[in-house]
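S.K.: My questions concern the predicted model and sequence given below.
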Amino acid sequence: MKTIVIGVIGADCHAVGNKIIDYVLREHGYNVVNVGVLSSQEDFINAAIESNASMILVSSLYGQGELDCRGMREKCVEAGIGDIKLYVGGNIVVGKQNFDEVKERFIKMGFDRVFAPNTPIEADLPFIKEDLGE
Amino acid sequence: MELRNKKWTEEEFFKVRKEVLSTWPTGNDPELDLDKAVAYLKSIPASKNFALKLKDAKEHRVRTLVQPRAGVALLNEHIALLQHLEKAGADFLPSTIDAYTRQNRYSEGEEGIKRSEEAGRSLLNGFPAVNHGVKGCRKVVESINVPLQARHGTPDSRLLAEIIHAGGWTSNEGGGISYNLPYAKAVSIEDSIKYWQYCDRLVGYYEEHGVTINREPFGPLTGTLVPPSIAIAVGIIEALLAAEQGVKNITVGYGMCGNIVQDVAAVRSLQQLTEEYLEEKGYKGCCVTTVFHQWMGGFPADEAEALGLISMSSVVASLAGATKMINKTPHESVGIPTKEANADGIKASKIITKLLEDQTFPESQKLADEIAQIKKEVKCLMDCVYNVGEGDLAVGTVKAFEQGLLDIPFAPSKYNAGLILPARDAEGCVRILEFGKLGFNDEIKAFHRAKIAERAKQDGREVGFQLCIDDIYAVSTGHLIGRTSYKD
């Protein structure tokens, strides 16, 4: 069973989607380690190391994701899990911006996939499957 | 200091105040001297005093007043934003505070200000008022012509409260429950009640010195299918805790659920019950008003559809007779709006409150039944709280959450039991499908079970978590109830 670390990054306390993602991933046979809301990059990375996770799925709903996600890939490399799959989704920047530009910004930061606002977790499942080689 | 629902002495208050003001350099501003702050607040005209404008609206009700949310990182941009929203017709203005400040992470707020200056756009989701300090806050007030309120989600808002009030902002949103459980994961309720006793005592101090300031418990909580009676019980508790510390002007809130009868019943029950409890517990001379929050859950991405939802929310708030309404914007589904989109939300809302200024929701048996149901549930929860607190409301609140007698759906805090699950009934009213340890009696539980069973039967599906998830998503897809049978 593959392990996915999920959580809400930074000073963000949006809890509802996090609980739904937890539920849906479990329903689809993944081992979910949920670091919950208000989680730092270190919280995600430590959980991934401890659980030998294949993927970290970062949620951000409050707009400050751009500040919170900077340097996360580098931190993963430093921690010895540089190859881990990194996803980010939600309302990850302040306000309505061109999503292609937003996506590019986060890809440059080292995220493997960047999901647009209002993407339900069910729509991510095929990508998760593909990227985990299932 | 042991937690009790008892007014802090000035000695207790000033002892803690010294510590609070030393937590960030802007706490050293000499304008935080309370004599100076009182003098400054007295110089603010009545038309810009939040409490006085609400009192006037209650006594000479014309229509529901409209207030947006808004806040950006930099002072001049923030002022430009508020001036734009005032021009669009906002009756009250906010300053939504950024999320780092809400967690008392002021050094990250400083970093956010710097990065925003470099980027030429706000990277923070609100106005970092502590970083901008008393002078910055006063500059905001002096640049607008309507009352100003801090809106946030800060478990420990003590320094923020000091700075905004000395800065001339005459209302503060929040409370020891409503700004903890939905906004934090590891702050104890005992601590957050003490933090908010401090904020309330500060307002009480100003009241004693001739300055009236409004306080507003945050009604919607997690904004996600919160059953009215739970939201109302929390609002009443926070109103009572505030009144004990000397607060006189209180606005209790409620987030739209979506069934019109239930929403109207909730607003009326909220107003009546809060006044009754304040009266019964001996707090005389409080001015209680209500605030209705437009739909707080997921919004449709389509901007015209979003404006439709905003308009519907405005109809309900107006007919329910809410004193004030917090509006959403057509950008809600992607987060923080531009000032233009925010202005559109205000205009769409305000015209409806004007069109409906002479109408109220008609009395009916259905409305009377729903009011009776809500009141019965609230009384049941309040009795539990006083019971486990052996008469002390603050102690009772801590114990009631500890035991799950009070429980807020989807709250991230580990101090919330998180055992209850809500779902909609066949008419879209929010009911409860899993009670956990919630302090309802068997009669009330049976009512909820029957209502949800009726809906599940109509849908031909099982009662369970999936029902709740579908209801959470439903409004953003254009339906109130998350049925599986819709064709579009």
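M.R.: Cool, the structure landed.
S.K.: Any stretches of the chain with poor pLDDT?
M.R.: With no chain named, the answer covers chain A. Counting by pLDDT under 70, chain A shows no low-confidence range.
S.K.: The intended chain is chain B.
M.R.: Within chain B, the stretches with pLDDT under 70 are B:487-488.
S.K.: domains in it, as residue ranges please.
M.R.: By the assignment in automatic domain parsing, chain B contains the domains B:10-355, B:419-488.
S.K.: looking at the ones you listed, which is closest to residue B:402?
M.R.: Residue B:402 lies closest to domain B:10-355 among the domains of chain B, at 8.0 Å (CB to CB). From N, CA and C alone the C-beta is placed, and that goes for glycine too.
S.K.: Return the distance of the closest one from the chain's centre.
M.R.: Chain-centre distance of domain B:10-355: 7 Å, with CA atoms, centre = their mean, to the nearest Å.
S.K.: ok, is it in contact with chain A or not?
M.R.: Yes - shown here: domain B:10-355 in contact with chain A (CB under 8 Å from any CB of the partner chain) through B:98-100, B:102-103, B:105, B:108, B:111-112, B:115, B:121-125, B:153, B:182-185, B:222, B:224, B:298, B:301, B:331, B:333-338, B:341.
S.K.: Okay, strands next: where are they in the chain?
M.R.: Let's take chain A. Secondary structure of chain A by DSSP state E: the strands cover A:3-8, A:31-34, A:55-60, A:85-90, A:113-115.
S.K.: Sorry, I should have been clearer: chain B.
M.R.: Counting by DSSP E, the strands of chain B are B:65-67, B:93-96, B:148-151, B:171-173, B:214-216, B:249-255, B:287-293, B:324-326, B:421-424, B:430-434.
S.K.: Kindly reformat the ones you listed as a markdown table containing mean neighbour count and distance to residue B:4.
M.R.: Formatted as a markdown table, these follow (neighbours: other CB atoms under 10 Å in any protein chain shown; distance: least, CB to CB, whole Å):
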| stretch | mean neighbour count | distance to residue B:4 |
| --- | --- | --- |
| strand B:65-67 | 25 | 34 |
| strand B:93-96 | 24 | 33 |
| strand B:148-151 | 24 | 27 |
| strand B:171-173 | 27 | 22 |
| strand B:214-216 | 29 | 20 |
| strand B:249-255 | 27 | 20 |
| strand B:287-293 | 25 | 24 |
| strand B:324-326 | 26 | 32 |
| strand B:421-424 | 24 | 32 |
| strand B:430-434 | 23 | 31 |
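S.K.: who wins for proximity to residue B:250 among the strands of chain A?
M.R.: It is, among these and with distance given as CB to CB, strand A:3-8, at 31.7 Å.
S.K.: quick check: angle from that closest one to strand A:55-60?
M.R.: Counting by axes from the mean of the first three to the mean of the last three CA atoms, to 10 degrees, strand A:3-8 points 10 degrees away from the direction of strand A:55-60.
S.K.: which of the domains of chain B sits most buried?
M.R.: domain B:10-355 (a mean of 22; mean count of other CB atoms under 10 Å in any protein chain shown).
S.K.: do you know how far the closest residue to residue B:249 other than its chain neighbours is from residue B:478?
M.R.: Leaving out its chain neighbours, the residue that sits closest to residue B:249 by CB to CB, 6 or more residues apart in numbering or on different chains is residue B:51, at 3.7 Å. Remark: distance between residue B:51 and residue B:478 (CB to CB, to the nearest Å) = 39 Å.
S.K.: nearest spatial neighbour of residue 79, skipping sequence neighbours?
M.R.: Since you didn't name a chain, this refers to chain A. Residue A:79's closest residue in space is residue A:45 (CB to CB, 6+ apart), at 5.0 Å.
S.K.: try chain B instead
M.R.: In space, residue B:79 is closest to residue B:143, 4.5 Å off (CB to CB, 6+ apart).
S.K.: contacting residues for the closest residue to residue B:200 other than its chain neighbours?
M.R.: In this structure, residue B:200 finds its nearest non-sequential neighbour in residue B:245, 3.6 Å apart by CB to CB, 6+ apart. Residue B:245 makes contacts with B:7-8, B:197, B:200-201, B:203-204, as judged by CB atoms under 8 Å, 6 or more residues apart in numbering or on different chains.
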